[in-house]
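In: Give the three-dimensional model of this entry:
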Amino acid sequence: IFVILFITPLLIVVCIYSLILYEIHRRNNKANLHYNRAYGKANRKTIKMMLLVSVTFIMCWIPLFICFFIIAYGAVTNQTRITFFFIYAVSHLVSYCNSAANPLIYAGFTSRFR
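Out: Residues are numbered from 1 along each chain as shown. Below is the predicted model:
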């Protein structure tokens, strides 16, 4: 489950963002010096946005997968069951927050949305 639902999407995001960064770098090398400053500022902004989206993905999903590991290894006892299921419910809710966070991140980095 961890590989399919966490590692695979993370690798896809990293690969796609790497291609975007490569294309940005390639275009920067072709641009003349006059436009390099403007491109540099836009590129830094794009890189920050991609990093924030990636970190948000990791931070939103890792608590749920920690819960999955705890369940898989049978670490939940009768004494910890109520507390664990509360933590599990909160972790599940946080994982959904990733979908809500992405449009906010994109809007925050795009001047047309402000």
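
In: Pull the distance from the helix or strand of the chain with the lowest mean pLDDT to the chain's centre.
Out: When each helix and strand of the chain is scored by mean pLDDT, DSSP states H and E, helix 2 comes last, with a mean of 73. Offset of helix 2 from its chain centre (CA atoms, centre = their mean, to the nearest Å): 16 Å.

In: Can you give the contact residues for it?
Out: Contact with helix 2 is made by 65, 68-69, as judged by CB atoms under 8 Å, 6 or more residues apart in numbering. From N, CA and C alone the C-beta is placed, and that goes for glycine too.

In: let's see 7 Å
Out: 65, 68 (CB atoms under 7 Å, 6 or more residues apart in numbering).

In: Which parts of this structure are helices?
Out: 2, 8-30, 33-72, 81-109 (DSSP state H).

In: Format the ones you listed as a markdown table; extra columns: mean neighbour count.
Out: Shown next, in a markdown table, are these (neighbours: other CB atoms under 10 Å):
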| stretch | mean neighbour count |
| --- | --- |
| helix 2 | 14 |
| helix 8-30 | 12 |
| helix 33-72 | 14 |
| helix 81-109 | 13 |
